[in-house]
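Novice: heads up, no residue letters with this:
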């Protein structure tokens, strides 16, 4: 039975050390940056050891520049052969999504970056959604990578987040009608039980066209990050129904990626806690989907 691993990882404010757009970081420098590159590379070594393979597709969020991706795929990295798809978006924090592709498993057919401004808003500054057509061992997928507007400032961007999901749903339904297979991975800034995510998965007749295997994890109180003391599962991978396959969702919360304080050991070991540098990996755990082909 063939298995493919798809992974998404919000890597927390990952800026190059010389980037001017790093308002969320305090005293960021070359040493801290290079340590973070090594730590994120270690994450993928842990994943390869534990899951017995590297991902075919990696979606990343909170990338602050091309240099980050170049350094993550340098010759010493477990991802040294991976192909990069990236474009800096107009996000006010200077962060974007990116795609890394395992060349042994994937062929990139095409890609584009989607913007869904609300009411032709000239001040629209949200992160782009990356869409790519990819062959994974001869199975074609339309892959979307997103990082939707955050809940900061009393969720002032909730209406924008809902607007983007509605626009994305229109595109998803168009592709579904053409028989395309779809993967949507990202930080939705909403849990799997949110009405707009449930709607994204259905057509206009209320039929399920996309599955969200992370909903069951959320219902079992498994989380990818925490807001204060509240666990949330904003990081998710959604997938079309595909004949002769099964899939399994997981949060990669290996103990090495967890907070070293025993009292808070369920939390990710993050890079910053507010303005305090603590030298961890990220404030999110990676999330993964294992797709098994019966033939």
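Specialist: Now that the structure is in, tell me what you want to look at. Since we're looking at a predicted model, the values are computed, not measured.

Novice: Report the rounded mean pLDDT for the lengthiest strand in the chain.
Specialist: Across the chain, the strand with the greatest residue count (assigned by DSSP state E) is strand 2-14. Averaged across strand 2-14, pLDDT comes to 95.

Novice: Mind listing the strands it pairs with, and their directions?
Specialist: When pairing is defined by DSSP bridges, strand 2-14 lines up against strand 57-63 (parallel), strand 287-293 (antiparallel).

Novice: Next, count neighbours for residue 69.
Specialist: 19 (other C-beta atoms under 10 Å). Where you see a C-beta, it was placed from the backbone N, CA and C, and this is true even at glycine.

Novice: ok, and what's touching stretch 244-256?
Specialist: Residues from elsewhere that reach stretch 244-256 (C-beta atoms under 8 Å, 6 or more residues apart in numbering): 7, 42-43, 46-47, 50-51, 211, 213-214, 216-217, 222-224, 233, 235, 237, 239, 265-266, 268, 285-295.

Novice: hmm, what's the outermost residue in the chain?
Specialist: residue 205 (28.9 Å; C-alpha atoms, centre = their mean).

Novice: Compare the strands paired with strand 2-14 and say which comes out lowest on pLDDT.
Specialist: strand 287-293 (a mean of 94).

Novice: Phi and psi next, for the residue farthest from the centre of the chain.
Specialist: Backbone geometry at residue 205, expressed as degrees, to the nearest 10, gives phi -100, psi 10.

Novice: Just the pLDDT for it.
Specialist: 94.

Novice: what sits opposite the closest residue to residue 70 other than its chain neighbours in the beta ladder?
Specialist: With sequence-adjacent residues excluded and distances taken as C-beta to C-beta, 6 or more residues apart in numbering, residue 70 is closest to residue 84, at 7.5 Å. Judged by DSSP bridges, the bridge partners of residue 84 are residue 100.
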